[in-house]
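> Here is the input, now give the coordinates:
(2 chains)
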Protein chains: 2
Amino acid sequence: MTDPSEATLSALDLRYGAPGLPAGPSSPVIEAMLSHRSYRNFLDRPLDPGALETIVAAASSAPSSSNMQTWSVVAVQDPARKDRLATLSGNQGFIRHAPLFLCWIADLSRLERLGEAHQQRLAGLDYLESFMVALVDAALASQNALVAAQSIGLGGVYVGGLRNKPIEVAAELNLPPKAFGAFGLAIGWPDPEARAEVKPRLPQSLVLHRETYATAGEETAVAGYDQVLAEFSEANGMGRSDWTGRMLKRVAGPESLSGRHTMTETLRAMGFPLK
Amino acid sequence: MTDPSEATLSALDLRYGAPGLPAGPSSPVIEAMLSHRSYRNFLDRPLDPGALETIVAAASSAPSSSNMQTWSVVAVQDPARKDRLATLSGNQGFIRHAPLFLCWIADLSRLERLGEAHQQRLAGLDYLESFMVALVDAALASQNALVAAQSIGLGGVYVGGLRNKPIEVAAELNLPPKAFGAFGLAIGWPDPEARAEVKPRLPQSLVLHRETYATAGEETAVAGYDQVLAEFSEANGMGRSDWTGRMLKRVAGPESLSGRHTMTETLRAMGFPLK
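All right, here's what the predicted structure looks like:
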């Protein structure tokens, strides 16, 4: 633990695209998190020996609901399989160039097999609650993995597109019933020539509520963020596009969900009754 | 980035309750993650000024699906409210003693209000997929918050019990429709007198799959883990209790889910149609 440093103050300003947040106690971990950015351009360089195992050990170190550990990860390095998964995940080319593509699995199948080995039908697994536990377990583990990877010089980006075709992904990864590919994480050595900036987030006043949830001042704060994000996207060659416009399109309706509007039926077909 | 150190090797052994995992590249961040433990005993000492804001900035720095940022956090410090939330969350006393209780919200309500402000009905929010995005966004943010808090000397523990009574929790926190208290995180200064050990996790061979999912050797590996966890729980005064026995009880049926077997109906009542 250190006192608020110049580095933290500057990192806070970049994170919110605006000055003003008072810096509290900080640490190298916090400074690293504040400067997080997504990388989609990777060098043609393999990971170091043992890096995958260490990253997964960090993932296993994340908390898990009742220690159920209802997650798994499939580490894909084979170029042909990465290529097929890239195609299934909205044809995102960077997946092909990442040396490692981690597929995070919301995994109730291990407990199901445990029940079978003991002649018990574990009906608790049939409920939406259990699926939610698995999804959260997978997310906590994967975020530890990403932060761990970044701490040894790697970079990465999550791939929600892994949910575009869950049944095809399950076939590709040989997933049993009750195992669902929740999202991907492409990892590699960041190309220092490629641009990757810290993306400003919503003002803290919009996400942090004190004692109870409050929406006063929200419209003004969103308008300010729209300005910040429009300037950010213009400066990064992505055209002047604000948050509100993107959001209104992104969740406009079922057709804007990249095929994922059938998720309930898909999950049921994959062994999650979601009772 | 540093070479595999003695500290990392020892931390890996503790994490898995067994030696043998080859250490790869490491870092202070990874060593901190490997030595993660849950704290439920807190000193009667407030957080430092600015600590909450810095922790939430770390949370905001986590990746978010399409930058939708479909999460919020309600920071509860008022003793009376903490007391009521402790009661609602399975009457877990440590929540009352933690100086800070963070309630992590899967929050589609901000986007709903954005749509209303622009006279648009955002039907994409009605789908299970959008609820899953919100849940994962909240989990990624909260895990950054926990790791950040630990890096400045604080400790904490997640509280899944916040889902025992979601509607009552929403009333307590003044949550609007489409905002769901997904889990809590109690944070404070760890009591150095209280025992808190690194809990061994499942062997890496069970959670890390290479190229495709495989279950060969699973029963033997689980038996080994049962032994490790039984010894761990006995050594920590929790009686000799293995993983298999706990798991078979934990998901035996709807009655073992602490009231959360009605989650589908509850979420629908809270404004998530889960289409």
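> Can I get the helix or strand of chain A with the lowest mean pLDDT in CSV? Just the C-alpha atoms.
Taking mean pLDDT, DSSP states H and E as the measure, the helices and strands of chain A show their lowest mean at helix A:6-16, namely a mean of 84. Coordinates of each C-alpha in helix A:6-16 appear next as CSV, following Å, rounded to 0.1, in the frame of the first residue of the first chain:
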residue,chain,number,x,y,z
GLU,A,6,0.9,11.1,-9.3
ALA,A,7,0.6,7.9,-11.4
THR,A,8,-2.7,7.0,-9.7
LEU,A,9,-4.1,10.4,-10.1
SER,A,10,-3.2,10.5,-13.8
ALA,A,11,-4.5,6.9,-14.3
LEU,A,12,-7.8,7.9,-12.7
ASP,A,13,-8.2,10.8,-15.0
LEU,A,14,-7.6,8.6,-18.0
ARG,A,15,-10.0,5.9,-16.7
TYR,A,16,-12.8,8.4,-16.5
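> Using the three-state scheme, assign the residue lying farthest from the centre of chain A.
Distance from the C-alpha centroid of chain A peaks at residue A:119, with 36.1 Å (C-alpha atoms, centre = their mean). Here residue A:119 is recorded as coil under DSSP: H, G, I helix; E, B strand; the rest coil.
> Which pLDDT value does the model give it?
The predicted structure scores residue A:119 at 98 on the pLDDT scale.
> Tell me where the stretch 151-275 of chain A is predicted with low confidence.
Regions of the stretch 151-275 of chain A meeting the criterion pLDDT under 70 are absent.
> residue boundaries of the strands in it?
Read by DSSP state E, counting those that start in this stretch, the stretch 151-275 of chain A holds these strands, from start to end of the chain: A:155-159, A:179-188, A:208-210.
> and of those, who's closest to residue B:190?
Of all those, strand A:208-210 sits nearest to residue B:190, with 23.5 Å by C-beta to C-beta. Every residue, glycine included, has its C-beta placed from N, CA and C.
> hmm, the closest one touching chain B?
Yes - among the residues of strand A:208-210, A:208-210 lie within reach of chain B under C-beta under 8 Å from any C-beta of the partner chain.
> Whichever of those residues end up buried, select them in PyMOL.
Here is the PyMOL command that picks out the buried ones among the residues of strand A:208-210 next to chain B, judged by 16 or more other C-beta atoms under 10 Å in any protein chain shown:
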select buried, chain A and resi 208+209
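> In this structure residue A:47 contacts residue A:153, no?
No - in this structure, residue A:47 sits apart from residue A:153 without contact. The criterion is C-beta atoms under 8 Å, and the distance is 10.3 Å.
> What are the buried residues along stretch A:127-139?
Within stretch A:127-139, the residues that qualify as buried are A:127-139, counting by 16+ other C-beta under 10 Å.
> Report the contact partners of residue A:64.
Taking C-beta atoms under 8 Å, 6 or more residues apart in numbering or on different chains, we find residue A:64 in contact with A:70-71, A:137, A:140-141, B:201.
> Then residue A:121?
Under the criterion of C-beta under 8 Å, 6+ apart, the contact list for residue A:121 reads residue A:115.
> Alpha carbons of the helix or strand hosting residue A:53, as CSV, please.
For residue A:53, the host element (DSSP states H and E) is helix A:51-60. In CSV, the C-alpha atoms belonging to helix A:51-60 read as follows (Å, rounded to 0.1, in the frame of the first residue of the first chain):
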residue,chain,number,x,y,z
ALA,A,51,2.5,-19.3,-18.4
LEU,A,52,-0.8,-21.0,-19.1
GLU,A,53,-0.6,-23.1,-15.9
THR,A,54,0.3,-20.1,-13.8
ILE,A,55,-2.6,-18.1,-15.3
VAL,A,56,-5.0,-20.9,-14.5
ALA,A,57,-3.7,-21.2,-11.0
ALA,A,58,-4.5,-17.5,-10.6
ALA,A,59,-8.0,-18.2,-11.9
SER,A,60,-8.4,-21.1,-9.5
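> Give me the angle between that helix and strand A:155-159.
Computed with axes from the mean of the first three to the mean of the last three C-alpha atoms, to 10 degrees, the direction of helix A:51-60 lies at 60 degrees from that of strand A:155-159.
> what mean pLDDT would you report for helix A:51-60?
Confidence over helix A:51-60, taken as the mean pLDDT, stands at 97.
> So residue A:46 versus residue B:201, what's the distance?
Per C-beta to C-beta, to the nearest Å, residue A:46 is found 27 Å from residue B:201.
> Settle it for me: which of the two has more neighbours?
A direct count of neighbours by other C-beta atoms under 10 Å in any protein chain shown for residue A:46 and residue B:201 places residue B:201 higher, at 24 against 12.
> Now that one. Nearest residue, chain neighbours left out?
Residue nearest to residue B:201 in three dimensions, not counting chain neighbours: residue A:60, with 4.3 Å by C-beta to C-beta, 6 or more residues apart in numbering or on different chains.
> just checking, that neighbour touches residue B:206?
No - between residue A:60 and residue B:206 no contact is recorded; they are 9.7 Å apart, counting by C-beta under 8 Å.
> So chain A: which segments form each domain?
Following automatic domain parsing, chain A resolves into domains at A:1-36, A:38-196, A:199-261.
> on that earlier part again, got a list of contacts for the least confident helix or strand of chain A?
A:19, A:21, A:23, A:26, A:30-31, A:34-35, A:198, A:200-201, A:203-204, A:228, B:54, B:57, B:60-61.
> same thing but 10 Å
The list of residues contacting helix A:6-16 from outside it, by C-beta atoms under 10 Å, 6 or more residues apart in numbering or on different chains, reads A:2, A:4-5, A:18-28, A:30-37, A:197-204, A:225, A:228, B:50, B:53-54, B:57-58, B:60-61.
> what are the ranges of the helices in chain A?
Using DSSP state H, the helices of chain A run over A:6-16, A:28-34, A:51-60, A:79-88, A:94-97, A:109-117, A:128-151, A:166-173, A:204-207, A:218-235, A:243-250, A:263-269.
> which one of those lies closest to residue B:164?
Distances from residue B:164 to each of the helices of chain A were compared using C-beta to C-beta; the minimum, 10.2 Å, belongs to helix A:128-151.
> what about that closest one, near chain B?
Yes - among the residues of helix A:128-151, A:128-133, A:135-151 lie within reach of chain B under C-beta under 10 Å from any C-beta of the partner chain.
> how far is that helix from where the chain is centred?
Mean-position distance between helix A:128-151 and its chain equals 8 Å (C-alpha atoms, centre = their mean, to the nearest Å).
> could I get that helix in CSV with only the CA atoms?
The C-alpha trace of helix A:128-151 is given here as CSV (Å, rounded to 0.1, in the frame of the first residue of the first chain):
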residue,chain,number,x,y,z
LEU,A,128,-31.5,-21.0,-12.9
GLU,A,129,-29.8,-20.1,-9.6
SER,A,130,-27.2,-22.9,-10.2
PHE,A,131,-26.6,-21.7,-13.8
MET,A,132,-26.0,-18.2,-12.4
VAL,A,133,-23.5,-19.5,-9.9
ALA,A,134,-21.6,-21.2,-12.7
LEU,A,135,-21.6,-18.1,-14.8
VAL,A,136,-20.4,-15.9,-11.9
ASP,A,137,-17.7,-18.5,-10.9
ALA,A,138,-16.4,-18.5,-14.5
ALA,A,139,-16.4,-14.7,-14.6
LEU,A,140,-14.5,-14.4,-11.3
ALA,A,141,-11.9,-16.9,-12.4
SER,A,142,-11.5,-15.4,-15.8
GLN,A,143,-10.9,-11.9,-14.5
ASN,A,144,-8.2,-13.2,-12.2
ALA,A,145,-6.7,-14.9,-15.3
LEU,A,146,-6.7,-11.7,-17.3
VAL,A,147,-5.2,-9.5,-14.6
ALA,A,148,-2.6,-12.2,-14.0
ALA,A,149,-1.7,-12.4,-17.7
GLN,A,150,-1.4,-8.6,-17.9
SER,A,151,1.0,-8.7,-14.9
